[in-house]
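Asks: Quick one, fold the following:
(chains A and B)
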Amino acid sequence: MVAVTYHAPTSVDEAVALLASSDLPSKVMAGGTDLIIQMQKLVGDARLIVDLKKIEGMQTVSIDAEALRLGPSLCCAKLTRREDVKALFPGLVEAAYLIGSSQVQGRASVGGNLCNASPAADTIPALIANRAVCHIAGPEGERSVPVEDFVTGVGRNCLTAGEILTQIELPRPSARTSDAYLRFIPRTEMDIAVASAGASITLDDDGICRDARLAIGAVAPTAIIVAAASDLLIGNIITPDILAAVADAASSASQPISDRRGTAEFRRHVVGVLAKRAVSIAAERAREAV
Amino acid sequence: MSEARQFQHIGQRTIRPDGFDKVTGRANYGADFRLPGMIWGKILRSPHAHAKIKKLDVSKAEAHPDVLAVATHQDFPSVNSEAFAAGEAMMDVLDLARNVLADKKVLYHGHAIAAIAATSEAAAAMALNLIEVEYEVLPPVMTIDAALAEDAPLLHEDMMTQGLTEPATTPSNVASRMELKKGDVASGFAEADVIVERTYETPTVHQGYIEPHATVVRYDDKAPSLVWASTQGHFDVRASVSKLLKMKLGQVKVIASEIGGGFGGKTTVYLEPVAMILSKKSGRPVKMIMSREEVFRASGPASASRSHVKIGAKQSGEIVAMEATLHFEAGAFKGSPMGPGCMTIFTPYDVPNLFVEGYDVVVNKAKVAAYRAPGAPQAEFAAEMAMNELAAKLNIDPIDFRLLNAAKEGTQTIYGPKLKEVGLVECLEAARRSPHYQSPVGEGCGRGLAAGFWFNIGGQSSVTLNLNPDGTGTIIEGSPDIGGSRASMQMMAAEVLGIEPNRLNPIVADTETLPYNQTTGGSRTTFATGMAVIEAAEDVVEQLKQRAASLWNVTAEQVDYKNGVVLNLAGDDQMTLAQICASAEKTGGQISGRGNVNARGAGPSFAVHLCDVKVDQETGKTDVVRYTAIQDAGKAIHPSYVEGQFQGGAVQGIGWALNEEYVYNSDGIMENAGFLDYRIPLASDLPEIETIIVEVPNTFHPFGVRGVGETGIVPPLGAVASAVSDAIDRPVTKIPCSPPHVLSMILNQG
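Replies: Prediction:
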């Protein structure tokens, strides 16, 4: 039988202290939609669960002149209903809206999706495209890392013993900036990305691309930034030829594997298609974003 | 004649009697039952696809304090190879014993090796780790080609191919061969102007019922032992358990739980005999439930197949010859539906020269089970794809091409009888008239169509109809209701009795309450059990007339029965059914009717499906944008449930055609044993499935009924794949049309 110790601390300090002082294998919980399934596969291990949802700020979202500040445990259903968030970050909201089912979105959170560090996590490419920063608290104090450095491998992140993710901060997009996220699944919902792409595009008044950031998912151990795509886009009008080159750049940057969800060859091709489509949608939105 | 008949209740859309319990969660399914003192059984399953069991030691498990019984194959009384009817197919009792608990060899990943009954579900699961097994791992045989290879490892070292012209002298993985013919194909092809010849492949798929297998068994040596099971046929569960454990039929009582889908997959047994052994050894009731993963790995699936098809036609469109060679995977033990595949493949067409041969091939996968029109979807997929290609080559509309060659009354089938009145021509004409076929094909879309045939069966059904003193009553039937059949039984009885359907409560009774009833399968229930219900209701009518006649002092011939009222033809008297029931005490006791039938003359049901798809040319993703199912129901008793059967069959077939398949790794282990990666269609993946009910009455049924449950899964494979072929302008020869497969066809320029 499995013995589980459950704590729901009300402050960051308390959570950090619990995690840092425990001898038990410990797991941090937000919505628990990944964690509970993972726990079913482990038999006979005692462990400590630290639920972060009661800590102040963990389930809030705010936007000011500088940034969007997201409590990591906020469930996707609440995030995706925020019209102000959707207006600034439609791609991030799209990504959050794709996680699991409606029921799952009532629990699943962006922070959990990030910390779980699945190569196919939907929100990670969208966060990378938007230059999100992760704020972390731990026994040694606080630190911040760019989101692309947060995930270190399949199911691994940069948090050390006793550390927790306390906030995800996305800089407020400048004028004529918007984002998009697309994933490929064989069905319409309730699935896991076979390949994905998140893009953020900034245009000037003449429609010339002034900033571009493309991240792709499910085609490598972690989501990856396609730097070559930014080089192709910045300084140019986004033409079909450039989009085709962006697709090639994304395909070249990918390092996919073959598994039950798709062959490496298929993923490499499709991630290029998604990349150019995401860039195209983000650019279209940027044109309309003031 | 039935077509001229005006019905009072038949054809209405009444509220189904089981609906409220199902939507409120009150209905009791397989896992919902418990008994005092009940313990839990769990199965240890093979981690290898193919291995010899060198050692099986259960002593440590038996010694564990939480463990109350352990079962292995050695607990079966010795049984010999003997074929018996189990559900829709014949089953060899020895194979069945070796499938539910392996003997000496494991033949697929997930094959049951031993079972433990313990005080809790978790304790049973933990105790499985105490069983010691040593294996000699053998190379897995996972495909038809691998099974047929010269040096293929043998699953069964004593298996000699049956049905060869020269008896086999060496064992192989081919269990049997069959051959059917009509006319002379060689001379037929010599007359052909155009010939299409291709090889088509279909994958291993699962029936995908929502409810996993579950049972509760209480062994008893003084009274009948009790089996509670989620099954399509509790009488055949009784037969299987009795055969395996050498019990008398009267020693086993089976109660069919409410059933959460079966589609043929619940016509055999997996857990019930094992639970019986565990209960006997422990002296406790034992409950066993499969996980979803176990359902995928060790129950179902339907055969993967490879079909080589050759069809020749004259320029006029007249088909002169059709030929096919079918290979069907049986899984670990012989008995794929290769036979029905051979029998159905060309039956939609009236062609003078036909030749079909079929091979039943064993591979290291779970033993296949029936799946909705078993064998027909795989075989007819191949024929329909070739038919569409041939129509295109002849430049003839695919509906016209089929109409030119359509099977009709009097057509000699390849398997024996001539067809009686059938509705293929009517379905094709309805398809041509349909708004769907009349609409233009959308931009970037493709359109496909296919016909489908399934025999349907009749068989044995037994029904009792009891009336209460107030004129309400109970229809006691023995056919588990997997598609709304209780509503149909109510309506048919009400039609005969001339009363409101909801005055009669239909129940599915246990094996002690009624004589033998065949399994719900073969689309037989509304037809055959319906005939038993009609017979029981007619029996009641006769008794009502006699009772009234005795009260009026006239003979039974001097009374008539109409709309629930007995009329005295010799006077003005009349009595309602309820009045006669109320006075039954005075006329000889309460009233019940009986209908025990072995129904003959099940009318085949033909269908035609239309499918439009849109293919994303850059990703290979296929979306079904419009779909219409047209099928002959003979007479639709409850049109909503007939439409539901058409839609359900279409959706399962769409899944089969687009994304469903078992993905195995090189060790023969299924990698997608769950609904996340075994992709059945979601509601959001599909358009509304449009339906057209064609009614060409079956003259062998009092109301004209033809079974409708199975035919609907036959055409979709060809309809969808043809639509994809049309959309990407390349011939599809293999399903599923999953995005990687479709994209590779697009990128490889055909």
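Asks: what about the residue of the stretch 101-250 of chain A found nearest chain B, how many neighbours?
Replies: As assessed by Cβ to the nearest Cβ, chain B sits closest to residue A:188 within the stretch 101-250 of chain A, at 4.4 Å. Every residue, glycine included, has its C-beta placed from N, CA and C. Using other Cβ atoms under 10 Å in any protein chain shown, residue A:188 has 14 other residues around it.
Asks: so what's it up against?
Replies: Each residue near residue A:188 by Cβ atoms under 8 Å, 6 or more residues apart in numbering or on different chains is listed here: B:682, B:684, B:685.
Asks: One more: residue B:367?
Replies: Counting by Cβ under 8 Å, 6+ apart, residue B:367 makes contact with B:95, B:99, B:108, B:330, B:331, B:332, B:333, B:335.
Asks: partners of the fifth one in the sheet?
Replies: Partner residues in beta bridges with residue B:331, using DSSP bridges, are residue B:362.
Asks: That one contacts residue B:363, doesn't it?
Replies: Yes: counting by Cβ atoms under 8 Å, a contact exists between residue B:331 and residue B:363, whose distance comes to 6.6 Å.
Asks: And the residue nearest to residue B:20 when sequence neighbours are not counted, what's its pLDDT?
Replies: Nearest-residue entry for residue B:20: residue B:26, 7.6 Å, with adjacent residues in sequence omitted and distances by Cβ to Cβ, 6 or more residues apart in numbering or on different chains. Residue B:26 carries a pLDDT value of 96.
Asks: Next: the one 4 residues further on.
Replies: Model confidence at residue B:30, expressed as pLDDT, equals 97.
Asks: likewise residue B:80?
Replies: 85.
Asks: Please tell me I have it right and it contacts residue B:94.
Replies: Yes: between residue B:80 and residue B:94 a contact is recorded at 6.3 Å, counting by Cβ under 8 Å.
Asks: Tell me which of these two has more neighbours.
Replies: More crowded of residue B:80 and residue B:94, by other Cβ under 10 Å: residue B:94, with 18 against 7.
Asks: Which pair of the contacts of residue B:367 spans the longest distance?
Replies: Spatial extent of the contacts of residue B:367 (Cβ to Cβ) is set by the pair B:108 and B:335 at 14.4 Å.
Asks: more neighbours, the two?
Replies: Taking other Cβ under 10 Å, residue B:108 and residue B:335 do not tie; residue B:108 has more neighbours (28 against 24).
Asks: May I have the helix or strand that contains residue A:216 as CSV, with CA atoms only?
Replies: In this assignment (DSSP states H and E), residue A:216 forms part of strand A:209-217. In CSV, the C-alpha atoms belonging to strand A:209-217 read as follows (Å, rounded to 0.1, in the frame of the first residue of the first chain):
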residue,chain,number,x,y,z
CYS,A,209,8.8,42.3,-39.5
ARG,A,210,10.7,44.0,-36.7
ASP,A,211,10.8,41.1,-34.2
ALA,A,212,10.1,37.4,-34.5
ARG,A,213,10.5,34.5,-32.2
LEU,A,214,9.6,30.9,-33.1
ALA,A,215,9.6,27.9,-30.8
ILE,A,216,8.8,24.3,-31.8
GLY,A,217,7.6,21.4,-29.6
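Asks: So in that sheet, which strands flank the very next helix or strand once past it, and in what orientation?
Replies: Using DSSP H and E, the helix or strand that follows strand A:209-217 in sequence is strand A:224-225. Sheet pairing of strand A:224-225 (DSSP bridges) gives strand A:209-217 (antiparallel).
Asks: Now the strand it pairs with: average pLDDT?
Replies: 98.
Asks: In contact with residue B:76, which residues?
Replies: By Cβ under 8 Å, 6+ apart, the neighbours of residue B:76 are B:97, B:101, B:244, B:245, B:273, B:277.
Asks: and if we set it to 10 Å?
Replies: Contacts for residue B:76 were tallied using Cβ atoms under 10 Å, 6 or more residues apart in numbering or on different chains; they are B:93-94, B:96-98, B:100-101, B:103, B:244-246, B:273-274, B:277.
Asks: of the residues you listed, closest to chain A?
Replies: Checking the contacts of residue B:76 one by one against chain A (Cβ to the nearest Cβ), the nearest turns out to be residue B:274, at 22.8 Å.
Asks: give me every residue that touches that closest one.
Replies: So residue B:274 contacts B:41, B:43, B:71-72, B:75-76, B:100-101, B:112, B:114-115, B:117, B:215, B:217, B:244, B:286, B:288 (Cβ under 10 Å, 6+ apart).
Asks: Fine by me, thanks again.
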